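In: What would the 3D arrangement of this be:
(one chain, ligands or ions: 1)
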Amino acid sequence: MFTYFSSGTSHKQSLMLPQRQFIASPYHCYFNEVIAKNVNYSTLLPLRENTDYLVLGLIMSKILKPDLLVVPSDVYNQDISAYIASQTKVDFIITQPTAAVYFANLLKTVKYPPTNITVLYLSAEPMTNAAHKLIRQLYPNAKILYWYGMTEVCATIGMRSSICNTLENLHPNAYHLNTRDFISEIENNSLVITQLYKTPFPLIRYHTGDKIVIKEVAPCTCAFPNDKIVIVGPRENLRSYKIGSMIFRAEDIESLLVEHCSNILTKDFRLEIESIATNDQLLIDPILYLKPLKETPSLELTQKIIYLLEKDLIVHPRTSLSTMVMAGLSNRLKIKYDFGVQGGTIMPPKELHQYFDKMGKAEA
Ligand SMILES: [Zn+2]
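Out: This next block holds a predicted model:
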């Protein structure tokens, strides 16, 4: 028995409770003893449009360094957060990869170069090769930790650092697996985890909805003392995907196709999302394949469909895709027509799912 009730599956956070075990996580000991051994850091800025990162920051300060100063960011205004960072001389940031890239440019505008950042903790969306490259360029002095987890369990399921060359070369989302706090199993190619500690929440077993591969590797370049790793791929049902500070949901796209285009298109679609880096910004590049009822719509009509979908597709709480395009976080939506499209699927960047595609072929 396990539950599908998780923030990754329902897109709503179910629970956030600091766990004692989170504090004792083997990764944090490892971070202190190996990765950040000779790194100076004193001031932490939890940066996200979400106050739980402040809680996370406070937990982190306890885990890593009792005298670490935690500075709250302005959750609604990143410009103010950058000003706060410059005034308090922040050197440690917890955030999402996309936000880290965006924030580096804001730091430059307040004349507090991102070279001052010595530690970066990144989570909450998949890593891509474009994100890796850009983050390393923008924060050349930072030791970077990427972690894979879920809100409800409050311990990292997997973690990797910027010194893990072996894992980085293997896959953008390969992590050292936390075998101490969880039992990890695979059901239909997806991860089911069982927490091995008591929580006030009665649920202990979760289906994460992520397709994964667990394997053993030879010792990593970072010398992490565990040979099990987890590679995280697409969502099991390909009906939703979180990337670039946005969430795409198949049901939202279907209802817009029915609302705006039912006389010319079916509601079948395939959305392909790529992550690209241009001019120190990280943005997503969405291509939507649609199925015409009879004839392929004209260029003019296609422009109109693009306009309507961008305007009405909500990809962030109360924010449409068109706003993300204007903010420079997404390219404009491209539409292509394909009579062979069936159902509604959302494909993550190719680099993240091709590893799993090859695996499927090998099984067949
Ligand atoms: Zn490693």
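In: Pull up the distance across stretch 293-305, start to finish.
Out: One end of stretch 293-305 sits 15 Å from the other (C-alpha to C-alpha, to the nearest Å).
In: what residues does that stretch touch?
Out: His260, Cys261, Asn263, Ile264, Leu265, Thr266, Leu290, Ile335, Tyr337 (C-beta atoms under 8 Å, 6 or more residues apart in numbering). Yep, even glycine has a C-beta here, placed from its N, CA and C like the rest.
In: Please repeat the previous calculation with a cut-off of 10 Å.
Out: With contacts defined as C-beta atoms under 10 Å, 6 or more residues apart in numbering, stretch 293-305 is touched by 256-257, 260-266, 288, 290, 333-339.
In: Please list the members of those residues that lie in helices.
Out: Secondary structure assignment by DSSP state H places Leu256, Leu257, His260, Cys261 of the contacts of stretch 293-305 in helices.
In: Of those residues, which are in range of the ion?
Out: Applying C-beta under 5 Å from the ion, the subset of the ones in helices among the contacts of stretch 293-305 adjacent to the ion is empty.
In: out of these, which is most surrounded?
Out: Most neighbours among the ones in helices among the contacts of stretch 293-305, by other C-beta atoms under 10 Å: Leu257, with 23 neighbours.
In: need the contact list for the closest residue in space to that residue that isn't next to it in sequence.
Out: Excluding its sequence neighbours, the residue lying closest to Leu257 (C-beta to C-beta, 6 or more residues apart in numbering) is Lys267, at 4.5 Å. Residues counted as contacts of Lys267 (C-beta under 10 Å, 6+ apart) are 250, 253-259, 261, 290-291, 343-344.
In: Of these, just say which sits nearest to the ion.
Out: Comparing those against the ion with C-beta to the ion places Ala250 closest, at 34.7 Å.
In: Thr345 is in contact with that closest one, correct?
Out: Yes - if you go by C-beta atoms under 10 Å, Ala250 and Thr345 touch, sitting 7.0 Å apart.
In: what sits in contact with each of those two?
Out: With C-beta under 10 Å, 6+ apart, Ala250 and Thr345 have common neighbours Asn237, Leu238, Arg239, Tyr241, Phe269, Arg270, Leu271.
In: out of the residues you listed, who's nearest the ion?
Out: When these are compared against the ion (criterion: C-beta to the ion), the nearest one is Tyr241, at 26.1 Å.
In: okay, the closest one: pLDDT?
Out: Listed pLDDT for Tyr241 reads 90.
In: Repeat that for Gln19.
Out: 45.
In: In the stretch 201-350 of the chain, what residue spans correspond to helices?
Out: 250-261, 299-312, 321-326, 350-363 (DSSP state H, counting those that start in this stretch).
In: For this structure, which residues are neighbours of the ion?
Out: So far as C-beta under 5 Å from the ion goes, the chain lies against the ion at Cys164, Cys220, Cys222, Phe224.
In: Can you give me the neighbour number for the closest residue to Ser73 other than its chain neighbours?
Out: Using C-beta to C-beta, 6+ apart and skipping the chain neighbours, the partner closest in space to Ser73 is Ser81 (3.9 Å). Neighbour count for Ser81, taken as other C-beta under 10 Å: 27.
In: do the one 5 residues further on as well
Out: Ser86 is surrounded by 17 other residues when neighbours are defined as other C-beta under 10 Å.
In: what separates it from Thr221, distance-wise?
Out: Using C-beta to C-beta, to the nearest Å, Ser86 is found at 34 Å from Thr221.
In: what do you get for Thr88?
Out: 34 Å.
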